[in-house]
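J.: Build the 3D model from these lines:
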Amino acid sequence: MNTNEYLDELKKVTGSDNKSAKILEIDKAYISMIRKRKRMTEELAIKIAKLIKIDECKILVDMQIEKTDGEVKESWKRVKERIAVH
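T.: Below is the predicted model:
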């Protein structure tokens, strides 16, 4: 999954990006920025993982896959397969 998909899953839990922002204790504009830039902090990713009830490792590995390219991206994909985080 990518960043926006994780935010969409969170929105299913909370009901809206605005409510998600309140629960995460961040500004709604920050959610919009995350959606646009497809980047968030690892700390925020872990909070989201807990709220949507997934293993934190999954979101952290997916973040690395999303923000890297080429050989590094392929290496992260192999890491994901090896640790069986789907």
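J.: all helices for this protein, in order.
T.: Remark: helices of the chain, listed N- to C-terminal, are 3-14, 17-24, 28-37, 42-51, 56-67, 70-82; assignment by DSSP state H.
J.: tell me the phi and psi of Asp55?
T.: Taking degrees, to the nearest 10, you get phi -60, psi 130 for the backbone angles of Asp55.
J.: Now do it: how many residues are near it, please.
T.: The local packing of Asp55 (other CB atoms under 10 Å) involves 12 other residues. Backbone N, C-alpha and C define where each C-beta goes, glycine included.
J.: and Thr7, what is it in contact with?
T.: Let me fix one detail, which is that residue 7 is Leu and not Thr. Residues in contact with Leu7, defined by CB atoms under 8 Å, 6 or more residues apart in numbering, are 17, 20, 31, 34-35, 48.
J.: TSV for those, including neighbour count and distance to Gln64?
T.: Formatted as TSV, the contacts of Leu7 follow (neighbours: other CB atoms under 10 Å; distance: CB to CB, whole Å):
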residue	neighbour count	distance to Gln64
Asp17	17	24
Ser20	20	22
Ile31	21	21
Ile34	22	16
Arg35	15	19
Ile48	23	15
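J.: can you put the helices of the chain in JSON lines and add mean pLDDT?
T.: Rendered in JSON lines, the data for the helices of the chain read as follows (pLDDT from 0 to 100):
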{"stretch": "helix 3-14", "mean pLDDT": "97"}
{"stretch": "helix 17-24", "mean pLDDT": "97"}
{"stretch": "helix 28-37", "mean pLDDT": "95"}
{"stretch": "helix 42-51", "mean pLDDT": "98"}
{"stretch": "helix 56-67", "mean pLDDT": "95"}
{"stretch": "helix 70-82", "mean pLDDT": "95"}
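J.: circling back to that earlier point, format the contacts of Leu7 as JSON lines; extra columns: distance to Met63.
T.: Listed next are the contacts of Leu7 as JSON lines, based on distance: CB to CB, whole Å:
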{"residue": "Asp17", "distance to Met63": "19"}
{"residue": "Ser20", "distance to Met63": "17"}
{"residue": "Ile31", "distance to Met63": "16"}
{"residue": "Ile34", "distance to Met63": "11"}
{"residue": "Arg35", "distance to Met63": "14"}
{"residue": "Ile48", "distance to Met63": "10"}
